[in-house]
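Colleague: kindly generate the corresponding structure for this input.
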Amino acid sequence: MKICLPTSGNKGLTETVHDHFGSAGFFTIYDTDAKSVQIVANDNSHHAHGACQPLGMISGLGVDAVLTSGMGRRAVQLLNEGGIKVFLLAGDTVQQAVDKFAAGELTELTFDNACGGHGCHH
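Modeller: Numbers count the residues shown, from 1 in each chain. Next comes the predicted model:
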């Protein structure tokens with residue numbers, strides 16, 4: 001399984017998870033089977049609010065789940081329609097977030113409980 005996390009930088013498992021998916025500088029992809037990390041720069045980090053295209057940014061990478069502390073409703077809907085589940089977490093390192101996911105400690109983020117506008121990070 002491949003898990004995508006928005007990150008501030010490109011330090012792999014020790015990197016801090018960014019507080020909102022679309023504005024992260026990078027996406028860190030962790031493969032739970034291979035125990036490997038892939039880092040992808042987010043070329044769309046300065047998009048207008050509501051203009052995030054999450055599926056386009058990570059499509060083709062084989063991502064099964066996204067872990068994030070904030071994401072808008074439309075972005076969640078688009079990811080879900082693309083077969084990618086989204087899970088909510090508090091700010092952690094990539095390693096801590098992956099560990100919480102593996103332990104089943106994260107709540108799935110859906111259209112109904114996603115961010116509805118500016119400043120509504122969970």
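Colleague: only C-alpha atoms from now on, for both contacts and neighbour counts.
Modeller: OK.
Colleague: for the closest residue to His18 other than its chain neighbours, which residues are in contact?
Modeller: Nearest non-adjacent residue to His18, counting by C-alpha to C-alpha, 6 or more residues apart in numbering: Thr7, 4.5 Å away. The neighbourhood of Thr7, defined by C-alpha atoms under 8 Å, 6 or more residues apart in numbering, consists of Glu15, Thr16, Val17, His18, Ala24, Gly25, Phe26, Phe27, Thr28, Val94.
Colleague: which ones among those are found in strands?
Modeller: Phe26, Phe27, Thr28 (DSSP state E).
Colleague: most neighbours, which of these?
Modeller: Phe27 (27 neighbours; other C-alpha atoms under 10 Å).
Colleague: report the secondary structure state of the closest residue to that residue other than its chain neighbours.
Modeller: Distances taken as C-alpha to C-alpha, 6+ apart place Pro6 nearest to Phe27, at 4.6 Å, with adjacent residues excluded. Using DSSP: H, G, I helix; E, B strand; the rest coil, the structure places Pro6 in strand.
Colleague: re the thing from before, what pairs with the residue nearest to His18 across the strands?
Modeller: Val17, Phe26 (DSSP bridges).
Colleague: equivalent analysis for Val86, please.
Modeller: Beta-bridge partners, per DSSP bridges, of Val86: Val66, Leu109.
Colleague: give me the pLDDT for it.
Modeller: Looking at Val86, its pLDDT is 94.
Colleague: likewise for Gln96?
Modeller: 94.
Colleague: for Gly70, same thing?
Modeller: On the pLDDT scale, Gly70 gets 76.
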